[in-house]
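Asks: just coords:
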C-alpha cells in the first residue's frame, strides 16, 4: 500500500456537480480521504446590487438566485418586504402564491429527480421527469409570460389576477400527476441498482443536520419532521391538508423517498388551493408600496404621478429590520432586510439553503468511494446560483 | 419566549431588547458573544439549537460601523431570536461561534470575505466567495458598485 494520496479536481466544469462547483478531493485509491468544496465561481454580488436597487427592482434579482425555484425566491422576498411594510395580503393572492409555490416545488424536485438519477446511470427518469416539468413550465408561461424566471409576485400581491385557464391547467396537471409519480417509482424505488447506489450513502443523522444548519428534505430524510409550512405557517398553509414525509436513515435513498412523497403532497396542496380559491382582490391598491392599476393610468393623473414616483424613487419603508423564511424546495430560504428608511435597503441578506446544506458534503463523503461523491452531491440538491449569489 | 434568565446572567453585556413586527432583537457586547450563544443554545427554555443565518451589516458612516447579526431558531420550541453585536470600524474582530454551531463556519468565512470582519478562533478563516487574491471587501459601503479601479 502506498502512503501517497492523489489530489483530484471534481469540477468546476463537471456534469455531476450541477453547475460550477469545484471539489478538491484527496483520494487514497478510490477512497475519499478528505474533500474541500471551492465555491464562488457564480458570485454576481446580488446582495451588493440589491443595496442599490429599489424594493420593486429587487424582485427580478431574486429569480436569479435559485433559478430552479424562482417563484419560491420571489415569495420569500416579497413576504419579507410585506412584513417590513406591515401589508396584509388578500387571501386570494395568498392561495395563488401557495399554489404556485407547490407547483414550483414539484418542478424543482422533478429536475432534481431526473438529473440525480441520470448522474447515477439511470437515463430513463430524466425524460419522464422533464415531460411533467414541461407541463408546469407551460403553466408558468401562460401566467407570467416566462418559464424559468416568472417574477409574477409583487409587493402586496400578484402582478395580475389569474384567469380560468390557470385553474383548469392545475386541475388537469394534478389529475394525472400521482400516476406519473407511480411511474418514476416503478423505475427506481425497488430497483436493486438504485438501492445499491443510494442506501447507506452520505448518511447524516438529525443532530448532525441541526448542528450544520441543514434544513429541507435532507433534514427530514434524517427523521426530523421540521417543515416551515407547518412550523411557522405562511400563505394560508394552515388551511391545507398535507403530510410531512420523513425518512429514518438520513441517507441518499431516504432523501429520494422524501422528495418523491413531497411531490405527491405538493400536488395535493396545489389542488386544494385552486379548488378553494377565495374570491376578492389580488393586491392591496391603497398601499404606498403598490403600483396603481394599469387601467387608471389612462384616466387619472394622480395614478400616473404615483406610478412615476414608484418607478423612479420607489417607496420608503419604516426604519427597522425583518427576517422572513419560507420552506423552499431545498430548505429554509430566508431574507433579512435592514431598512434605514430610504427607498433602497441598507442591507439585504439571503439565507440560501443550498449554501448551508452544501457544508455537510465534507462530512458525508469522508471515507466513501469517489463514485459516492456524485450520489451525495446530487442528493444535496444544490443550485450554485443560490450558493454563490 | 422568556429572556429574563439570560438577562440576569449576563446583566450589563446585554443592551437593548427591541421587538419590531413581532421579531425580538437582542444587542450584545462583543466580548460576551461566545458564552451568550452557548447559554442560548443550552438553556432548556430557549434551546436555540439551529443557527439559521449569520451575517454582517455595514452602517458606514454611522458609528459603530459594523453589526454582526445572528438569526437563531429553536427546532424544539419553534421560536426565533435575532442577536446583534456592534463592532467598531477600526478593529472588527469578534469571537467565532463555530464551537457552538458548526454551521457558522461558512457563514463566518463569508462575513470575513465580504466585510473584512475577523473571527477569533475560527478553524479556517479564508475567503469563500471572492477569489483568494482579491483585494478589499465588496459589501463594505465604501467599496464601489462598479468600476475597474482598486478602491
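Replies: Looks like it came in fine. Just so we're clear, the structure is a prediction, and the values are computed from it rather than from any experiment.
Asks: contact residues of chain B facing chain A?
Replies: B:20-21, B:23, B:25, B:49-53, B:55, B:57-59, B:69, B:71, B:73, B:75, B:78, B:80, B:82, B:101-103, B:105-107, B:114, B:127-131, B:138-139, B:143, B:145 (CB under 8 Å from any CB of the partner chain). Where you see a C-beta, it was placed from the backbone N, CA and C, and this is true even at glycine.
Asks: buried among these? Make that a PyMOL selection.
Replies: To isolate in PyMOL the members of these that are buried, counting by 16 or more other CB atoms under 10 Å in any protein chain shown, one can use:
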select buried, chain B and resi 23+25+49+50+51+52+53+55+57+58+59+69+71+73+75+80+82+101+102+103+105+106+107+114+127+128+129+130+138+139+143
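Asks: so which of the residues of chain B next to chain A are in strands?
Replies: Secondary structure from DSSP state E places B:20, B:23, B:25, B:50-53, B:55, B:57-58, B:69, B:71, B:73, B:80, B:82 of the residues of chain B next to chain A in strands.
Asks: who touches the closest residue to chain B within chain A in this structure?
Replies: Taking CB to the nearest CB as the measure, chain A has residue A:213 as its residue closest to chain B, at 3.0 Å. Under the criterion of CB atoms under 8 Å, 6 or more residues apart in numbering or on different chains, the contact list for residue A:213 reads A:356, A:359, B:50, B:51, B:52, B:101, B:102, B:103.
Asks: low pLDDT regions in chain B?
Replies: Residues of chain B that meet the criterion pLDDT under 70 lie in B:149-151.
Asks: go again with 90.
Replies: Low-confidence segments of chain B, defined by pLDDT under 90, span residues B:1-22, B:29-32, B:34-36, B:39-40, B:42-47, B:60-64, B:76-78, B:88-91, B:131-136, B:141-151.
Asks: and residue 30, how many residues sit next to it?
Replies: The chain I'm using is chain A. Residue A:30: 11 surrounding residues under other CB atoms under 10 Å in any protein chain shown.
Asks: switch to chain B, that's the one I care about
Replies: Here the count is done by other CB under 10 Å, and residue B:30 has 18 residues near it.
Asks: closest approach to chain A from chain B, which residue is it?
Replies: For chain B, the residue positioned closest to chain A under CB to the nearest CB is residue B:103, at a distance of 3.0 Å.
Asks: which SS state does the closest residue to that residue other than its chain neighbours fall under?
Replies: Taking CB to CB, 6 or more residues apart in numbering or on different chains as the measure, residue B:103 lies nearest to residue A:213, with 3.0 Å between them; neighbours along the chain are not counted. When classified by DSSP: H, G, I helix; E, B strand; the rest coil, residue A:213 comes out as coil.
Asks: who touches the single longest helix found in chain B?
Replies: Secondary structure assigned by DSSP state H gives helix B:104-115 as the longest helix of chain B. Taking contacts as CB under 8 Å, 6+ apart, the residues outside helix B:104-115 that touch it are A:47, A:355-356, A:359, B:51, B:53-56, B:58, B:66, B:68, B:92, B:96-98, B:117-119, B:122-130, B:137-140.
Asks: equivalent analysis for stretch A:76-88, please.
Replies: Contacts of stretch A:76-88 from elsewhere in the structure, counted by CB under 8 Å, 6+ apart, are A:55, A:58-59, A:62, A:89, A:153-156, A:234-235, A:284, A:287-290, A:315, A:317-318, A:320, A:322-326, A:328, A:333-337, A:339, B:21.
Asks: narrow those residues to those in strands?
Replies: When DSSP E is applied, the contacts of stretch A:76-88 are split such that A:153-154, A:320, A:322-326, A:328, A:333-337, A:339 fall in strands.
Asks: what residues does the stretch 51-200 of chain A have near chain B?
Replies: Proximity of the stretch 51-200 of chain A to chain B is confined to A:52, A:83, A:84, A:86 under the rule CB under 8 Å from any CB.
Asks: what sits closest to the first one if chain neighbours are left out?
Replies: Closest residue to residue A:52 apart from its sequence neighbours, by CB to CB, 6+ apart: residue B:145 at 5.4 Å.
Asks: list the contacts for that neighbour?
Replies: A:48, A:49, A:52.
Asks: for the last one, give me the pLDDT.
Replies: On the pLDDT scale, residue A:52 is placed at 91.
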